[in-house]
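Asker: sharing a model that was predicted from the sequence below.
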Amino acid sequence: NAGVTQTPKFRVLKTGQSMTLLCAQDMNHEYMYWYRQDPGMGLRLIHYSVGEGTTAKGEVPDGYNVSRLKKQNFLLGLESAAPSQTSVYFCASSYLGSSEAFFGQGTRLTVV
Amino acid sequence: DAKTTQPPSMDCAEGRAANLPCNHSTISGNEYVYWYRQIHSQGPQYIIHGLKNNETNEMASLIITEDRKSSTLILPHATLRDTAVYYCIVRLFKAAGNKLTFGGGTRVLVKP
């Protein structure tokens, strides 16, 4: 039981490049989330999903797209990376009626 | 969701109880108080939650004032591994998407 797994753990992109971050959970959770965390700040919600095939915008969605084609996976895409997207990205998941969210270990992304 | 106010940092001695305050004066009657912590470079970890009664689990105790405008997270015997940023979050139990809104948290340093 791995919980929430994020791939990759580290990545350096050049401005304008694209990439996809993968989040996988093996707990059969309905809800999944993508957050970003800038230095010294709390986490901010980018996008989230309440079920397979559904996604919704969070607090800071601009510049990102997401997809939830399978219940266990939640993908975060950057179509044209910008230096302002340099951050640590965290994925999380939770049950429909649960109080507890489970977080991955994060992806450290640097855009140069 | 109601906003929360936490001190930005605090120190505590190893082996002593750590009392972490949180103000949430605009909390509504059906909003819960949640606590998460984030150890350096890791994803946040759920600690405890409560509505109005005091709660205790293997990690911590949560004391909520009678008027529910503030709460205190108690780590009964702090260890060096409890050094982390602690987030107090107020939210409906089954909010849309179970989203969590993180503030700045309290940076707790446990000293030997």
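Answerer: Happy to help now that I have it.

Asker: show me where pLDDT drops low in chain A?
Answerer: Low-confidence regions of chain A, defined by pLDDT under 70, span residues A:1.

Asker: got the contact list for the residue lying farthest from the centre of chain A?
Answerer: Distance from the centre of chain A peaks at A:G97, with 21.0 Å (CA atoms, centre = their mean). Taking CB atoms under 8 Å, 6 or more residues apart in numbering or on different chains as the contact definition, A:G97 lies against B:K94. Glycine gets a C-beta too; all of them are placed from N, C-alpha and C.

Asker: measure it to B:R91 for me?
Answerer: Separation of A:G97 from B:R91 (CB to CB, to the nearest Å): 14 Å.

Asker: how about A:L22?
Answerer: With CB to CB as the criterion, A:L22 and B:R91 are 27 Å apart.

Asker: one more: B:C12?
Answerer: From B:C12 to B:R91 the distance is 27 Å (CB to CB).

Asker: which stretch of helix or strand covers residue 35?
Answerer: Looking at chain A here, since you left the chain open. According to DSSP states H and E, A:Y35 maps onto strand A:31-37.

Asker: my bad, the chain I had in mind was chain B
Answerer: In this assignment (DSSP H and E), B:W35 forms part of strand B:31-38.

Asker: what packs against that strand?
Answerer: When contacts are defined as 3 or more CB pairs under 8 Å, 6 or more residues apart in numbering or on different chains; DSSP states H and E, strand B:31-38 sits against strand B:18-23, strand B:45-50, strand B:61-64, strand B:84-92.
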